[in-house]
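Undergrad: No letters, just coordinates:
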């Protein structure tokens, strides 16, 4: 009698254990569930093919954020890209479009992207020398190149939001959750820009009615590149909208672009009616290389 | 005979399953193993108390990295702390000791830390005005304050590594995995410092034998604050070791501190024998606030 009891106990105990493990894992521990499923599917009958390790249903329902980052070769480039990737890595459903001002693509950026842990597309287009003068808008060709890529590789079926993420700004994670619900064009404040602590769209009854700015308040859209996002559908259904090189005046890049795709009264204010700073227009100091030896003196070559 | 075979099979199968799950999870899936341990401990006899949901054995076996960050009030402060926390949030077993140069602690930093998602301790100590002159070492009081806190709140039983993480540098995640195995004092290269692309300890046969530096190569430890880490035991068993204010010469802070606790020949080279740059001495530009209105003109108060 006793031995029957023990044998039943030892038959049932492990099964109970396995069932508890399977039931009790909540969504936060989805990797656990996937691992369990993986082991069961190796042994079991129902599921023959292996499941992917991480992304699950809820995630793919979110629109993808396409962050367009123009970048160019300089001493701080890898450092900037490193801290940017440290932020972007934590944003779900994120696609990083990095566009180098270079021909061909550099090995440094290629190697970096391959190891950065962020889903990415690596593009490049060289800015002609005649456009590289002070007062001329920067990164025009790179941003347009990224827009072309989106128009070629994405369709109206793809849910997405497009954002221009320069490589030296500072981004809070909250910013990406705010912009993700962009239906056409969304706007929000930007810190440390225009010679002020912040600039922001002025909002009344949920509509943008003007701009708090320290500089050229007469601009149709007195906003920095880091201050808006555009739904992918808007980019695709305005196939000729792009950043202008010819006739562009200083500080008018954003306005020239936005007036091709929206009107001020249609803008969607984010970040609590444009009262929270979630992105900062930080600038990194140019590096002093005054003590760099003219000829290579170290015994090894080291990438910085 | 057949029934005996089946009963044995059904007794053994689930145990085999569980054993496979337990063995086959590698270190990367430590959360899986932890969950399994959690369920076993709930059912088992040996361990009566429940384990915390996530960080378990493997994690707590890692030494804690104590990053000491002096910070002071300025336009870019919140931006800097934001991108720093975006990096630190991804480092397991991490404790951020933030020391404000302020009396009392500011609301901005308090609010920020409470929401940043990184385990932290918030300290403050005001630097007397007479020490705030050019050429004088900076953040001395703040770093010493953090060392005192460690000596008061941690004991030789606690496994830890102490690192001085200024708030404007750039850190790769790899750096923290390198420094975690520090037994006494570990060193590695730093990018964009000393007027060069990088500085580094020169290593021969696993020992530091000199310094590749563009500036004052005669320093006993020609290394930047971001270029070394110290085991917590060393900090605790040298209770008088600290950064010096009196008699400190420019650029000698690191050497003055390190010579109290170690010798050059005892340094542990990290980052592939000091040939990889995993931290960059980036500097953020001072913000131009030239267009900031003298009197508050916006309708709301916005923290930047």
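TA: Structure received. Worth saying up front: this structure is predicted, and the values here are computed from it rather than measured.

Undergrad: what residues does the stretch 151-300 of chain A put near chain B?
TA: A:170-173, A:189, A:191-192, A:194-198, A:200, A:202, A:212, A:214-215, A:275-277, A:280, A:282-285, A:287-293, A:297-300 (CB under 8 Å from any CB of the partner chain). In this view, the C-beta of every residue, glycine as well, is placed from N, C-alpha and C.

Undergrad: Buried only: go through these for me.
TA: Among these, those buried by neighbour count (16 or more other CB atoms under 10 Å in any protein chain shown) are A:170-173, A:189, A:191-192, A:194, A:196-198, A:200, A:202, A:212, A:214, A:275-277, A:280, A:282-284, A:287, A:292.

Undergrad: Where helices are concerned, which of those residues count?
TA: Members of those lying in helices (criterion: DSSP state H): residue A:173.

Undergrad: Contacts only, for the most centrally placed residue in chain A.
TA: Central residue of chain A (CA atoms, centre = their mean): residue A:67, 3.5 Å from the mean position. The contact partners of residue A:67, by CB atoms under 8 Å, 6 or more residues apart in numbering or on different chains, come to A:88, A:94-97, A:163-165.

Undergrad: Over to residue A:73?
TA: So residue A:73 contacts A:100-102, A:106, A:108 (CB under 8 Å, 6+ apart).

Undergrad: Look up phi and psi at it.
TA: Here is the backbone geometry of residue A:73 (degrees, to the nearest 10): phi -70, psi 130.

Undergrad: and it, how far is that from residue A:101?
TA: Relative to residue A:101, residue A:73 is positioned 8 Å away (CB to CB, to the nearest Å).

Undergrad: what's in contact with stretch A:254-265?
TA: Outside stretch A:254-265, the residues within contact range by CB under 8 Å, 6+ apart are A:184-185, A:207-208, A:219-225, A:227-228, A:230, A:234-235, A:238, A:240-244, A:248.

Undergrad: taking the buried ones among the residues of the stretch 151-300 of chain A next to chain B one by one, which sit in strands?
TA: The members of these that map onto strands under DSSP state E are A:170-171, A:191-192, A:196-198, A:200, A:202, A:212, A:280.

Undergrad: Reformat the residues you listed into JSON lines and put distance to residue B:4 and pLDDT next to each item.
TA: JSON lines is the format used below for those (distance: CB to CB, whole Å; pLDDT from 0 to 100):
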{"residue": "A:170", "distance to residue B:4": "69", "pLDDT": "98"}
{"residue": "A:171", "distance to residue B:4": "65", "pLDDT": "98"}
{"residue": "A:191", "distance to residue B:4": "75", "pLDDT": "98"}
{"residue": "A:192", "distance to residue B:4": "77", "pLDDT": "97"}
{"residue": "A:196", "distance to residue B:4": "84", "pLDDT": "95"}
{"residue": "A:197", "distance to residue B:4": "81", "pLDDT": "97"}
{"residue": "A:198", "distance to residue B:4": "78", "pLDDT": "97"}
{"residue": "A:200", "distance to residue B:4": "78", "pLDDT": "98"}
{"residue": "A:202", "distance to residue B:4": "83", "pLDDT": "97"}
{"residue": "A:212", "distance to residue B:4": "83", "pLDDT": "96"}
{"residue": "A:280", "distance to residue B:4": "72", "pLDDT": "98"}
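
Undergrad: quick one, strands of chain A?
TA: Using DSSP E, strands in chain A cover A:64-71, A:94-100, A:120-124, A:160-164, A:170-171, A:185-187, A:190-193, A:196-204, A:207-212, A:228-231, A:268-269, A:279-280.

Undergrad: And the average pLDDT for the fourth one is what?
TA: Model confidence over strand A:160-164 averages 98 on the pLDDT scale.

Undergrad: Tell me which strands that strand pairs with, and in which orientation.
TA: strand A:64-71 (parallel), strand A:228-231 (antiparallel) (DSSP bridges).

Undergrad: try the third one
TA: For strand A:120-124, the paired strands and their directions (DSSP bridges) read strand A:94-100 (parallel).

Undergrad: re the thing from before, could you export the strands paired with strand A:160-164 as TSV, including mean pLDDT?
TA: Below are these laid out as TSV (pLDDT from 0 to 100):
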stretch	mean pLDDT
strand A:64-71	98
strand A:228-231	98
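
Undergrad: So for residue A:78, which of these sits nearest?
TA: Counting by CB to CB, residue A:78 lies closest to strand A:64-71 out of those; the figure is 10.0 Å.

Undergrad: For residue A:283, which non-adjacent residue is spatially closest?
TA: Take residue A:283 and drop its neighbours on the chain: the residue closest to it by CB to CB, 6 or more residues apart in numbering or on different chains is residue B:285, 4.0 Å away.

Undergrad: Settle this for me: that neighbour is touching residue A:285, isn't it.
TA: Yes: using CB atoms under 8 Å, residue B:285 is in contact with residue A:285, at 5.2 Å.

Undergrad: Can you report how many residues lie near the residue nearest to residue A:241 when sequence neighbours are not counted?
TA: In space, and not counting its chain neighbours, residue A:241 is closest to residue A:260: 4.1 Å by CB to CB, 6+ apart. Residues within reach of residue A:260, counting by other CB atoms under 10 Å in any protein chain shown, total 13.

Undergrad: separation between residue A:260 and residue A:236?
TA: From residue A:260 to residue A:236 the distance is 14 Å (CB to CB).

Undergrad: what comes up buried for stretch A:127-136?
TA: For stretch A:127-136, by 16+ other CB under 10 Å, it's residue A:127.

Undergrad: which residues sit against it?
TA: If you take CB under 8 Å, 6+ apart as the criterion, stretch A:127-136 is touched by A:101, A:139-142, A:245, A:248, A:250.

Undergrad: and if we set it to 7 Å?
TA: Contacts to stretch A:127-136, defined as CB atoms under 7 Å, 6 or more residues apart in numbering or on different chains, come from residues A:101, A:141, A:245, A:250.

Undergrad: Please indicate which of the contacts of stretch A:254-265 are buried?
TA: Using 16+ other CB under 10 Å, the buried members of these are A:185, A:208, A:219, A:221-225, A:227-228, A:230, A:234-235, A:241-243, A:248.

Undergrad: Looking at those residues, which are in helices?
TA: A:234-235.

Undergrad: looking at chain A, which helix or strand does the model trust least?
TA: Lowest on mean pLDDT, DSSP states H and E among the helices and strands of chain A sits helix A:30-43, with a mean of 35.

Undergrad: My read is that residue A:64 contacts residue A:91, right?
TA: No: look at residue A:64 against residue A:91 with CB atoms under 7 Å: they stay out of range, at 10.2 Å.

Undergrad: I'd like the distance between residue A:223 and residue A:243.
TA: On the measure of CB to CB, residue A:223 and residue A:243 end up 14 Å apart.

Undergrad: scratch that, residue A:283
TA: Residue A:283 is 21 Å from residue A:243, by CB to CB.

Undergrad: in the stretch 101-250 of chain A, which ranges drop under the pLDDT threshold?
TA: For the stretch 101-250 of chain A, the stretches flagged by pLDDT under 70 are A:247.
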